[in-house]
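A.B. asks: Sequence plus predicted model, see below.
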Amino acid sequence: MKSNASKFQNGESVQIVKTGESVTVMQSKYIKNMNRYSYILKEYPSTFYFEEELNKEQ
């Protein structure tokens, strides 16, 4: 069973998987009917990303 804990915290620096760009998580929200979190990034406030589209910065 999957944990309902958010993978990233607000203010945390992460990388976008597709581009490798370093960005900052501004807000996270649990989407109940999809059973996963979405994230809004400081650099792209009008776009949301799911956990699998982001990686922790190395």
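C.D. replies: Noted; the coordinates are in hand. Numbering: from 1, shown residues only.

A.B. asks: Who are the contact partners of the residue nearest the centre of the chain?
C.D. replies: The centre of the chain sits closest to Tyr39, judged by C-alpha atoms, centre = their mean, with a distance of 3.9 Å. Residues in contact with Tyr39 (C-beta atoms under 8 Å, 6 or more residues apart in numbering) are Phe8, Val14, Val25, Met26, Gln27, Ser28, Lys29, Phe48, Tyr49, Phe50, Glu51, Leu54. Quick note: C-beta positions are derived from backbone N, CA and C, even for glycine.

A.B. asks: measure the last one to Leu41 for me?
C.D. replies: So that's Leu54. Distance from Leu54 to Leu41, counting by C-beta to C-beta, to the nearest Å: 8 Å.

A.B. asks: any shared contact partners between these two?
C.D. replies: Listed contacts common to Leu54 and Leu41 are Val14, Val25; contacts here mean C-beta under 8 Å, 6+ apart.

A.B. asks: where does this protein have low pLDDT?
C.D. replies: In the predicted model of the chain, residues 1-4 satisfy pLDDT under 70.

A.B. asks: switch the cut-off to 90
C.D. replies: Along the chain, segments meeting pLDDT under 90 span 1-5, 57-58.

A.B. asks: Which strand runs longest in it?
C.D. replies: Looking across the chain with DSSP state E, the single longest strand is strand 22-31.

A.B. asks: Please name every helix or strand in contact with that one.
C.D. replies: strand 13-16, strand 36-41 (3 or more C-beta pairs under 8 Å, 6 or more residues apart in numbering; DSSP states H and E).

A.B. asks: Could I get those strands in TSV, plus columns for distance to Gln58?
C.D. replies: Putting these into TSV (distance: least, C-beta to C-beta, whole Å) gives the following:
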stretch	distance to Gln58
strand 13-16	8
strand 36-41	18
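
A.B. asks: Is it possible to mark the buried ones in the contacts of Tyr39?
C.D. replies: Phe8, Val14, Val25, Ser28, Phe48, Tyr49, Leu54 (16 or more other C-beta atoms under 10 Å).
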